[in-house]
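Undergrad: After the sequence you'll find the predicted model.
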Amino acid sequence: MGTWPPEGRAAVGPPPLAWRGDIRDLIVALLKRCRAWAIADTAPGRLLPWLPVAFGLGIALYFTAEHEPTWWMASAVATTAVVAAILLRRRPVAFPLALAAAALAAGFATATLKSARLAHPILQRPAYNVTLAGFVELREERERSDRIVINVVRIEGTRSDEQLERVRVSVKRGLAPAVGSFVELKARLNPPLPPLRPGGYDFARDLYFQQIGAIGFATGAIKITTPPAEPGLRLRAAATVEGIRDAIDQRIRSAIPGDAGSIASALITGKRDAISASVNEAMYVSSLAHVLSISGYHMAVVAGVVFFVVRALLALWPPFATRHAIKKWAAVAALIAATLYLILSGAEIATRRAYIMTAIVLIGVMVDRPALTLRNLALAAIAVLLVAPEAVVHPSFQMSFAATLALVATWERGMPWVTAPRDTSLGARVALWGGREMVALVLASLVAGLATTPYAAYHFHRTAPYGVLANLLAMPIVSAWVMPSGLLALLALPFGFDAPLWRLMGMGIDWMTNIALWVASLPGAVGRVAAFGTGPLLLGTAGLALICLLRSPLRWTGGVLIVIAVAAAARAPLPDVLVAASGDAVAVRTAGGQLAIVKAGSDQFVAREWLAADGDARDPKDKALANGFTCDDSGCVARLADGTVVSFAKTPEAIAEDCAMAALVVTRRELPPRCAAKGIDRSVLRQQGALALRKTAAGWNIEAAHPVGYDRPWARAAAKPGLATSTPPQPARTGASDAQPKPEDLDPGD
């Protein structure tokens, strides 16, 4: 066997495992090795990157609660856990566990306190003729209409004594008033949209944390009137910034027509709602959608360009450069530029998160600390979650930090050749041809793409097989051509010489959109994934964290978790029947294995979500979706693969008949108490929302979007039957499509 270490060499870590003929000896040796690895991974300085993981897990636990936690109890538990961690700081085993518990409790308390602080009324029933008066706080341009958020001063016609604080209303395209205007209008309002299926994205939760209590559309003329009082300082500042953004947006789109101008405006001002549906879809399919959302990449480019230019200019002034740390001056200038970019772009959640990360990196340069480290990423994540704990369940946050975590970990440990001195013989030869940069770009695209794939599959039910190819072809142009041209155009704008630079920017954008359209047209460009639960997503996240944050070979246990997560996601059972929360749409899995869908209304949003969650590429507008149902004026009937009859009954006569011959009856009416079939009626839908049912040997397995007893601020529990007569949430009718969310509302960010 020899000795360890070999003669003449220093020992590095524990000796290698050796087979001694006894399995017990091997197990003991393995346990000793794992203990040594665990001690190394919990050494001083190694625990900080795990704090945001535990903190975020605590926030996620808050969102899984069936009813709203008590803020004072959550705060007391968090305080106790923090004190315990401080007292145990000298215990090598107890301290890491206590620190994790403290971070988890602190995350739970932070989300609870944020929800309590934002508590506001939510519209519970549709209101058809509401008079609204208030200040316009936000204006969005959409493909077919505009949307405004109104800070309500006066509201009449909601049949409720509660005063809604903010309302989001769709208006005709081009008629949205300016931010800061005081408006009066008539509108039809609906409660915020609940999940369209169990496990689906909760738009109502999203709107709750934006303090929006209702959505709807204007039904009459919009009157701009004199406000009863002057708007506050915050609203006046928002109006000023919005005016600047509008002016820049108009200037850009006058110089660059079509989608190129809309994308250019999105990159500079954050206004990305005017991009055509075809180009927007191609950007998502090709994995270039992150370019459309001002976040980490854009902040890095803006700060990097300013840092490089300022440092280069200061270096040209030798007396100043020899007396001052021009690197720190350049970092200050880059931070100022990033701050202005944050304000100009509208300061959305993704942009704020990117700004915090960029600011921490630049401050690290100012204080002579390494800029791109896991420690800085951890500080940025904690800062974001303290300000906006609700971001942890949003795909933008998840995909952004997953990609950044994987890239930083790869940069620190997996790509030493990238940071190696260029004077090495091999490094010099490779860099001479730009090979090192090209390989780094390919590897970065691959790493970021793999890290974000689980979240794209979970939220959007699809993957981008050619994402690396699209990013490889497009991102160098965006980084070296599009963004610098846009920054130069902004500087030239006050002097009137910006038009040529905007057109130059548009040429680069044309290249990017052509790449997106070409990649989207390739065979198999859309990898569709059926919906799966949060279990596989959490397992995959844990695996990614282990691989990236641990330094010992224990990190490869993360790979095992990822494999298990993939297997669990692939084996996730599909529902046999889906019922919309409104009761207006029903889907049944027929003998062919696909969903047959019938709906009473004309809105396609529910069908689109159901098909996407099923990994089905069919068009939600396709009339053939109803194949499998036999319908007449009184209702529809379909059969599962085993012949089980499912009824969608519309009239009392159909209900009476179907209760005798069907196994499952779905109706928006009340079912008779003696119905022999399993029934889903309006009382069930009122209490539980959208439903997914699976046929088992024992009967029906029912999963609800809001299980019985679920009571959260954004989804209040319905009154018990007999105490109220309200109906399930109704989809808006004429002109209401833009009152409902769009797929891009689930912004993947960057």
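TA: Structure's in. What do you need?

Undergrad: ranges for the strands of the stretch 451-600 of the chain?
TA: Listed in chain order, the strands of the stretch 451-600 of the chain (DSSP state E, counting those that start in this stretch) span 462-463, 527-528, 577-579, 585-589, 595-599.

Undergrad: swap in the stretch 1-150 of the chain?
TA: Under the criterion DSSP E, counting those that start in this stretch, the stretch 1-150 of the chain carries strands at the ranges 127-141, 145-156.

Undergrad: Return the list of helices and strands in contact with the first one.
TA: For strand 127-141, the elements it packs on are strand 145-156, strand 166-172, strand 182-190, strand 214-218, helix 233-255, judged by 3 or more C-beta pairs under 8 Å, 6 or more residues apart in numbering; DSSP states H and E. Every C-beta, even on glycine, is put in place using the N, C-alpha and C of the backbone.

Undergrad: Tell me which of these sits most buried.
TA: Of the helices and strands packed on strand 127-141, the one with the most neighbours on average (mean count of other C-beta atoms under 10 Å) is strand 214-218, at a mean of 26.

Undergrad: what pLDDT, on average, does it get?
TA: Here the mean pLDDT over strand 214-218 is 92, rounded to a whole number.

Undergrad: With stretch 662-670 instead?
TA: Average pLDDT, stretch 662-670: 91.

Undergrad: can you pull the buried residues of it?
TA: Neighbour-count burial for stretch 662-670, counted by 16 or more other C-beta atoms under 10 Å, picks out 662-669.

Undergrad: cool, and stretch 674-684?
TA: For stretch 674-684, the neighbour count (16+ other C-beta under 10 Å) marks 675, 677-684 as buried.

Undergrad: so how far is that stretch from its chain's centroid?
TA: 36 Å (C-alpha atoms, centre = their mean, to the nearest Å).

Undergrad: about what we covered before: who wins for proximity to residue 631 among the strands of the stretch 1-150 of the chain?
TA: Judged by C-beta to C-beta, the one of these that comes nearest to residue 631 is strand 127-141, at 28.4 Å.

Undergrad: Leaving out sequence neighbours, find the closest residue to the most centrally placed residue in the chain.
TA: Nearest to the mean C-alpha position of the chain, by C-alpha atoms, centre = their mean, lies residue 395 at 2.0 Å. Closest residue to residue 395 in three dimensions, ignoring its sequence neighbours and counting by C-beta to C-beta, 6 or more residues apart in numbering: residue 459, at 4.2 Å.

Undergrad: And the one you found, how far from residue 156?
TA: Counting by C-beta to C-beta, to the nearest Å, the separation of residue 459 from residue 156 is 38 Å.

Undergrad: pretty sure residue 692 is in a strand, no?
TA: Yes: counting by DSSP: H, G, I helix; E, B strand; the rest coil, residue 692 falls inside a strand.

Undergrad: Chain neighbours aside, what residue packs nearest to it?
TA: Closest residue to residue 692 apart from its sequence neighbours, by C-beta to C-beta, 6+ apart: residue 575 at 3.9 Å.

Undergrad: Near that neighbour, how many other residues are there?
TA: For residue 575, the tally of surrounding residues (other C-beta atoms under 10 Å) stands at 24.

Undergrad: Now do the contacts for it.
TA: 197, 589, 692-694, 703 (C-beta atoms under 8 Å, 6 or more residues apart in numbering).

Undergrad: coming back round to it: could you redo the strands of the stretch 451-600 of the chain as JSON lines and give each row mean neighbour count?
TA: JSON lines is the format used below for the strands of the stretch 451-600 of the chain (neighbours: other C-beta atoms under 10 Å):
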{"stretch": "strand 462-463", "mean neighbour count": "18"}
{"stretch": "strand 527-528", "mean neighbour count": "16"}
{"stretch": "strand 577-579", "mean neighbour count": "27"}
{"stretch": "strand 585-589", "mean neighbour count": "27"}
{"stretch": "strand 595-599", "mean neighbour count": "22"}
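
Undergrad: I'd like to know how many residues surround the residue lying closest to residue 266 once chain neighbours are set aside.
TA: Counting by C-beta to C-beta, 6+ apart, residue 272 is the residue found nearest to residue 266 once chain neighbours are left out, at 3.5 Å. When neighbours are counted by other C-beta under 10 Å, residue 272 registers 23.

Undergrad: Three-state assignment for residue 272, please.
TA: coil.

Undergrad: Quick check: pLDDT value at the closest residue to residue 100 other than its chain neighbours.
TA: With C-beta to C-beta, 6+ apart as the measure, residue 54 is the residue that lies nearest to residue 100, at 4.7 Å, once sequence neighbours are left out. According to the per-residue confidence, residue 54 scores 95 in pLDDT.

Undergrad: and what of the one 10 residues further on?
TA: Here, the pLDDT recorded for residue 64 equals 93.

Undergrad: what about it, how many residues close to it?
TA: Using other C-beta under 10 Å, residue 64 is surrounded by 8 other residues.

Undergrad: circling back to that earlier point, of the buried residues of stretch 674-684, which belong to strands?
TA: Counting by DSSP state E, the buried residues of stretch 674-684 place 678-680 in strands.

Undergrad: wait, residue 286 sits on residue 470?
TA: Yes: using C-beta atoms under 8 Å, residue 286 is in contact with residue 470, at 4.0 Å.

Undergrad: what's the overlap in contacts for those two?
TA: Shared contacts of residue 286 and residue 470, counting by C-beta under 8 Å, 6+ apart, come down to 464, 515-516, 519.

Undergrad: Out of the contacts of residue 575, which two sit at the greatest distance?
TA: The widest separation within the contacts of residue 575, taken as C-beta to C-beta, falls between 589 and 703 and amounts to 14.5 Å.

Undergrad: who does residue 214 bridge with?
TA: With DSSP bridges as the criterion, residue 214 is bridged to residue 167.

Undergrad: What residues of the top helix by length along the chain count as buried?
TA: Among all segments of the chain classified by DSSP state H, the helix with the greatest residue count is helix 435-460. Using 16+ other C-beta under 10 Å as the test for burial, helix 435-460 gives 436, 441, 443-460.

Undergrad: before we move on, what about stretch 309-319?
TA: Buried residues in stretch 309-319, counting neighbours by 16+ other C-beta under 10 Å, are found at 309-311, 314.

Undergrad: same deal with stretch 698-706?
TA: Under 16+ other C-beta under 10 Å, the buried positions of stretch 698-706 are 700, 702-706.

Undergrad: What distance do you get for residue 379 to residue 597?
TA: As it turns out, when the distance is counted by C-beta to C-beta, residue 379 lies 47 Å from residue 597.

Undergrad: ok, back up a step: next one: the residue nearest to residue 100 from residue 558, what distance?
TA: Using C-beta to C-beta, one gets 16 Å for the distance from residue 54 to residue 558.

Undergrad: neighbour-wise, which of these two wins?
TA: Neighbours around residue 54 and residue 558, counted as other C-beta under 10 Å, are more numerous at residue 558. The numbers are 21 against 18.

Undergrad: Contacts only, for the nearest residue to the more buried one once chain neighbours are set aside.
TA: By the measure of C-beta to C-beta, 6+ apart, the closest residue to residue 558 outside its immediate chain neighbours is residue 546, 3.1 Å from it. Residue 546 is in contact with 554-555, 557-558, 561, counting by C-beta under 8 Å, 6+ apart.

Undergrad: quick one: the residue nearest to residue 100 and residue 104 touch, right?
TA: Yes: using C-beta under 8 Å, residue 54 is in contact with residue 104, at 4.7 Å.
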